[in-house]
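S.K.: Next come a sequence and a model predicted from it.
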Amino acid sequence: MATRETRKRPNILITGTPGTGKSTLAPKVASNLNMEFIDIAGEIKKFNLYGEYDADYQCHVLDEDKLLDHLQERMDSDEGGIVIDYHACEFFPERWFDLVIVLRCDNTILFDRLTERNYPEKKVRENVECEIFGTILDEAKESYSQEIVHEFSNENHDQMAENVRKITELALKIKKKK
Ligand SMILES: Nc1ncnc2c1ncn2[C@@H]1O[C@H](COP(=O)(O)OP(=O)(O)O)[C@@H](O)[C@H]1O
């Protein structure tokens with residue numbers, strides 16, 4: 001079972017409210033660092049890692065234990081070098097990550113992005129409120145050591161390019177440390 005001290009290459013979690021740009025940015029970071037990107041949302045669907053059906057939101061609910069079991073072998077490997085993105089972070093084992101990146105976005109920009117996805121009005125509102133309250137950032141700070149949590153605004157393409165550069169730099173610094 002690898003730790004931050006034993007892992008050959010860093011594992012990176014990109015998190016943030018839905019719509020903050022995780023699935024756009026994470027593959028770019030992985031490619032920049034020649035690391036593996038795991039598409040969590042895709043794997044949940046492909047391997048049916050669901051629990052019960054939520055009638056309110058008319059969708060299946062993730063079974064977190066099934067997801068953790070599914071990821072464990074790769075995430076506990078001494079190799080490391082994995083980038084994942086997910087809109088929650090508190091249920092992953094703290095030992096899995098060397099960097100936790102929380103993407104942020106102005107709530108009006110986020111509102112437009114989520115509306116464009118045709119989310120139901122209730123789901124748009126709840127996600128925008130979550131971003132206003134900084135819920136994901138709070139979860140990250142409560143779940144991981146402060147020094148590995150970084151918050152980046154991700155509102156336009158210049159910021160995305162700058163964020164890819166900064167995250168790459170942070171990851172390479174960790175690699176050099178070993
Ligand atoms: N930095 C950015 N600047 C402008 N648009 C962005 C940026 N990041 C993502 N987007 C756009 O915002 C929408 C949501 O991005 P996405 O990566 O799907 O978010 P998430 O994976 O966090 O839900 C997409 O239409 C995407 O093209």
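M.R.: Nice, I can see it. Residues are numbered from 1 along each chain as shown.
S.K.: The longest helix seen in the chain and the ligand, any residue contact?
M.R.: Within the chain, and with DSSP state H defining each element, the longest helix by residue count is helix 157-177. Yes - counting by CB under 6 Å from any ligand atom, the ligand has neighbours in helix 157-177: 157, 159-160. Bear in mind the C-beta positions are built from the backbone N, C-alpha and C, glycine included.
S.K.: PyMOL command for the buried members of those residues?
M.R.: Entered in PyMOL, the line below selects the buried ones among the residues of helix 157-177 next to the ligand, by 16 or more other CB atoms under 10 Å:
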select buried, resi 159+160
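S.K.: picking up where we left off before, would you mind pulling the contact partners of the longest helix of the chain?
M.R.: Where contact means CB atoms under 8 Å, 6 or more residues apart in numbering, the residues beyond helix 157-177 that reach it are 9-10, 12, 14, 21, 24-25, 28-29, 32-33, 35, 98-99, 101, 103, 150, 152-154.
S.K.: And stretch 18-35, by the same measure?
M.R.: With CB under 8 Å, 6+ apart as the contact definition, stretch 18-35 has outside contacts at 9, 12, 14-16, 36-37, 39, 41, 81-87, 103-105, 110, 113-114, 117, 127, 131, 154, 160, 163-164, 167-168, 171-172.
S.K.: and what of stretch 82-93?
M.R.: 11-18, 22-23, 25-27, 29-30, 33, 35-41, 64, 68, 71, 74-75, 100, 102, 136, 139-140, 142-144.
S.K.: measure the residue of the chain found nearest the ligand to Ile132 for me?
M.R.: The minimum distance from the chain to the ligand, using CB to the nearest ligand atom, falls at Gly21 (2.8 Å). Applying CB to CB, to the nearest Å, the value for Gly21 to Ile132 is 17 Å.
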